[in-house]
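In: got a sequence here, can you build the structure:
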Amino acid sequence: MDRRIKRTRQAIMNSFVDLLAEKGFDMITINDIAERANINRGTVYLHYTDKFELLDKCIESYVVPLLGHCANSVERSSNIATIRSMFEYLEKNLTIYKLFLRNEIAGFFRSRIFSTIGQALDLNSLRPGKDSSSNGVAIHFFTSGFIGVIEWWVDNSMPCNVQEVTEQVMFLMEPYAKEL
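Out: Below you'll find the model as predicted:
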């Protein structure tokens, strides 16, 4: 990809995130984004259909690296390191994740992260011999629980440190650790 395109997209994304923090999603217009990024309104539309697509791409740019820690785990025995790494990433990017968990866009964020985590988890081995609906229940259960912990930890400004939250998550997952 051309460096100018990357630079323009980054300027649009940065402007969008700044405006998201200042005004909230509902109040942002494409004109606001273009003005903040110091580009033409048409340039924003050249890269993004509307502010909803921009929100989706913005969330994706933070969800993918977060869950990349999970998906890139080579050894199944390294689950604790993977979970710790995810919480360390959340800690470093706390401000943006707090922003994503605001009421007006929390549903978009939750839906995107749920979908991504659900795809990343391979829980078929949790319930061998069971039908796919049983595995779907297990995937939904683990995904919902894990997202709930992330939301609680971020919303409450990390009430416990990375090590403590990692240990608690691992304790809760312990009965299934061999299968994950």
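In: pull out the buried positions in the strand or helix carrying Arg36.
Out: Per DSSP states H and E, Arg36 falls inside helix 30-37. For helix 30-37, a neighbour-count test (16 or more other C-beta atoms under 10 Å) marks Ile30, Asp32, Ile33, Ala34, Arg36, Ala37 as buried. Every residue, glycine included, has its C-beta placed from N, CA and C.
In: what sits against the last one?
Out: Applying C-beta atoms under 8 Å, 6 or more residues apart in numbering to Ala37 gives the contacts Thr8, Ala11, Ile12, Asn14, Ser15, Val44.
In: now, which of those residues sits nearest Gln163?
Out: The nearest member of the contacts of Ala37 to Gln163, counting by C-beta to C-beta, is Asn14 at 32.2 Å.
In: could you give the number of residues near the closest one?
Out: Neighbourhood size, Asn14 [other C-beta atoms under 10 Å]: 14.
In: ok, now how distant is it from Ile150?
Out: 24 Å (C-beta to C-beta, to the nearest Å).
In: what's the answer for Leu101, then?
Out: 9 Å.
In: the helix ranked longest in the chain: which residues count as buried?
Out: Counting residues, the longest helix found in the chain (DSSP state H) is helix 132-155. For helix 132-155, burial by neighbour count (16+ other C-beta under 10 Å) applies to Asn135, Ala138, Ile139, Phe142, Thr143, Phe146, Ile147, Val149, Ile150, Glu151, Trp153, Val154.
In: list just the nearest of these to Met86.
Out: Looking across the buried residues of helix 132-155 and measuring by C-beta to C-beta, the closest to Met86 is Ile150, at 8.3 Å.
In: the closest one: what's it in contact with?
Out: Contacts for Ile150 (C-beta under 8 Å, 6+ apart) come out as Leu90, Tyr97, Ile113.
In: among those, which lie within helices?
Out: Leu90, Tyr97, Ile113.
In: just the buried subset of the residues you listed, please.
Out: Leu90, Tyr97, Ile113.
In: what separation do you get for the last one and Ile150?
Out: Using C-beta to C-beta, one obtains 8 Å as the distance from Ile113 to Ile150.
In: Val162 too?
Out: Distance of Val162 to Ile150, given as C-beta to C-beta: 12 Å.
In: need phi/psi at the residue nearest to the spatial centre of the chain.
Out: For the chain, the residue nearest the mean C-alpha position is Val63 (3.0 Å; C-alpha atoms, centre = their mean). Backbone torsions for Val63, taken as degrees, to the nearest 10, come to phi -80, psi -40.
In: that older thread, go through the buried residues of helix 132-155 and name the one nearest Thr82.
Out: Phe146 (11.7 Å).
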